[in-house]
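Student: predicted model, plus sequence, below.
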Amino acid sequence: PAQLLARWTDREEHLHAHVALQVVLFTGLVLIVIPSLVSELGRNVHLYFSSMLAQQLLAQIAIVIAILGLTAVQELAQRGAGTPFPYDPPKRLVRTGIYAYVRNPMQLSTSVLFILIALATMNAWLAAAAVITIAYAAGFATWSEGADLRERFGPGAARYSSLVRNWLPTWRPRIEEP
């Protein structure tokens, strides 16, 4: 899979297939690898809430948040002809779909999922991972991506950034013709 991902990215082919591989990779990292590493460090990871209702509610919230993140990835592939990864960025500025409501839906989704995992397990290490994710997304990623968008898309990116908030979704879409 890694070689296919690299080849498809380098040749700019099979966009939807390599987006799917990226989603599987990232999902495995967030939901399996990081919690497993924490567990292996001797910090047992188990569900804190004994109530089945609480577990189901938390799972449903996580599913909705994950769907929003996946919708953002899909929008980048379909409308932007690119992926969330910096080595294969969108070729067009995406301002539609969920991006009309919030500028960084994938980072928001990932951060909320980490918070939910930390809450579900009441694990300090996973809570630290959530804080690190938020700090990275709010700090470096916001600064780096903002500069990249302005460089690649010029005034359109600046206008979009002025209309759509970074982390706090708006109630109504901010759609503007390119």
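Tutor: Happy to help now that I have it. For clarity, every value in this text was computed on a predicted model and none was experimentally measured. Numbering: from 1, shown residues only.
Student: find the centremost residue of this protein, please.
Tutor: Central residue of the chain (Cα atoms, centre = their mean): residue 106, 2.4 Å from the mean position.
Student: how far away is it from residue 69?
Tutor: Going from residue 106 to residue 69 by Cβ to Cβ, to the nearest Å gives 5 Å. (C-beta placed from N, C-alpha, C; glycine too.)
Student: kindly report the same for residue 36.
Tutor: 21 Å.
Student: how is residue 127 assigned, secondary-structure-wise?
Tutor: In three-state terms, and counting by DSSP: H, G, I helix; E, B strand; the rest coil, residue 127 is helix.
Student: name the nearest residue to it, sequence neighbours excluded.
Tutor: residue 118 (4.1 Å; Cβ to Cβ, 6 or more residues apart in numbering).
Student: again with residue 85
Tutor: Counting by Cβ to Cβ, 6+ apart, the residue nearest residue 85 is residue 22, at 6.1 Å.
Student: residue 84 is in contact with the one you found, correct?
Tutor: Yes. Assessed by Cβ atoms under 8 Å, residue 22 is found in contact with residue 84 at 7.0 Å.
Student: please enumerate the shared neighbours of the two.
Tutor: residue 73 (Cβ atoms under 8 Å, 6 or more residues apart in numbering).
Student: quick one on the thing from earlier: show me which of residue 36 and residue 69 is the more surrounded one.
Tutor: Counted by other Cβ atoms under 10 Å, residue 36 and residue 69 do not tie: residue 69 has more neighbours, with 23 against 12.
Student: what is the strand or helix carrying that one packed up against?
Tutor: Element membership of residue 69 [criterion: DSSP states H and E] is helix 52-80. Applying 3 or more Cβ pairs under 8 Å, 6 or more residues apart in numbering; DSSP states H and E, one finds that helix 52-80 contacts helix 15-28, helix 105-121.
Student: run through this structure and note the low-pLDDT ranges.
Tutor: 38-50, 176-178 (pLDDT under 70).
Student: and with 50 instead?
Tutor: Along the chain, segments meeting pLDDT under 50 are nowhere present.
Student: circling back to that earlier point, for the residue found closest to the residue nearest to the centre of the chain once you drop the neighbours it is linked to in the chain, what are its contacts?
Tutor: Once flanking residues are discounted, residue 106 sits nearest to residue 72: 4.7 Å by Cβ to Cβ, 6+ apart. Contacts of residue 72 were listed using Cβ under 8 Å, 6+ apart, and they are 84, 97, 98, 99, 105, 106, 109.
Student: 6 Å instead?
Tutor: Residues near residue 72 by Cβ atoms under 6 Å, 6 or more residues apart in numbering: 98, 105, 106.
Student: who touches stretch 102-117?
Tutor: 62, 65, 68-69, 72, 84, 98, 126, 129-130, 133-134, 137, 164, 166-167, 169.
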